[in-house]
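Q: Below is the sequence, then the predicted model.
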Amino acid sequence: FTGNPGTGKTTVADFLGEIYASMGLLSKGDVIRVEKRDLVGSHVGETERKMKSILNRAKGNILFIDEAYMLNTDNDNYGKEAIDTLVKRLEDDRGKFVVIAAGYKDEMSNFMMANAGLASRFSHKMHIEDYNENELLSIYKGMASEEQFMLSPEAEFKLLDLICRMVVSKTKYFGNAREMRNLLDVTIQNLSQRVSMLSPS
């Protein structure tokens, strides 16, 4: 999976786990989320131990490697060891578990060249685009509704203006739905402060 933060990569993985389990393709269908620190050790033998433990847990499940490209950094022999181990287990245990490697699009392209066998093991690719302004507004309103808050028409107009300005100035690190979560948290905090300053009736 490629895409910027907050675009729903882990959510899609959760749905896939449920779908594959219901189809009988996976025996359990849980999603085991890991990142580099969970897979790579700092001394000889530790990476092998970590990888063996994680890959054994992954059987019957989906192993979701977030920011997988971090395994392929310069002069990181342990990261390369983790990649080599993963490629071998994907062949040895074919059909016993699913691996989803996720991260930024350009970085993931480089990651796929880290080992000659990687590209052939990851034959299915999905890129998830950033949300547009209206989608982000809907995400915010949905989160607000879950917290029992509703926006007035004036507040919604001001919010859309703010979201538009955020989208125009965004970088590739823009958090999409996470940005809306943070924005809602700030909104609720500001609301609480204003309410606390109101004079008792």
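A: All right, it came through fine. Please read all numbers here as calculations on a predicted model, not as lab measurements.

Q: check contacts around residue 99.
A: By C-beta atoms under 8 Å, 6 or more residues apart in numbering, residue 99 lies in contact with 58, 62-63, 65, 86, 90, 121-122. C-beta coordinates here come from the backbone N, C-alpha and C atoms, glycine included.

Q: Name the secondary structure element that contains residue 198.
A: Assigning secondary structure by DSSP states H and E places residue 198 outside every helix and strand.

Q: And it, how far from residue 158?
A: Per C-beta to C-beta, to the nearest Å, residue 198 is found 21 Å from residue 158.

Q: When the two are compared, which one has more neighbours?
A: residue 158 (12 against 7; other C-beta atoms under 10 Å).

Q: for the least confident helix or strand in the chain by mean pLDDT, packing partners?
A: Sorted by mean pLDDT, DSSP states H and E, the helices and strands of the chain end with helix 118-121, the least confident at a mean of 86. Contacts defined by 3 or more C-beta pairs under 8 Å, 6 or more residues apart in numbering; DSSP states H and E place helix 118-121 against helix 77-92.

Q: Next secondary structure after the helix it packs on?
A: Counting by DSSP H and E, what follows helix 77-92 is strand 98-101.

Q: mean confidence score for that next one?
A: The pLDDT scores in strand 98-101 average 96.

Q: Could you do stretch 135-155 as well?
A: 95.

Q: How far away from the center of its chain is it?
A: 23 Å (C-alpha atoms, centre = their mean, to the nearest Å).

Q: List the buried residues in it.
A: Within stretch 135-155, the residues scored as buried using 16 or more other C-beta atoms under 10 Å are 136-137, 139-141, 143-144, 151.

Q: Stretch 166-184 now?
A: Buried-residue list, stretch 166-184, by 16+ other C-beta under 10 Å: 166-167, 174-177, 179-180, 183-184.
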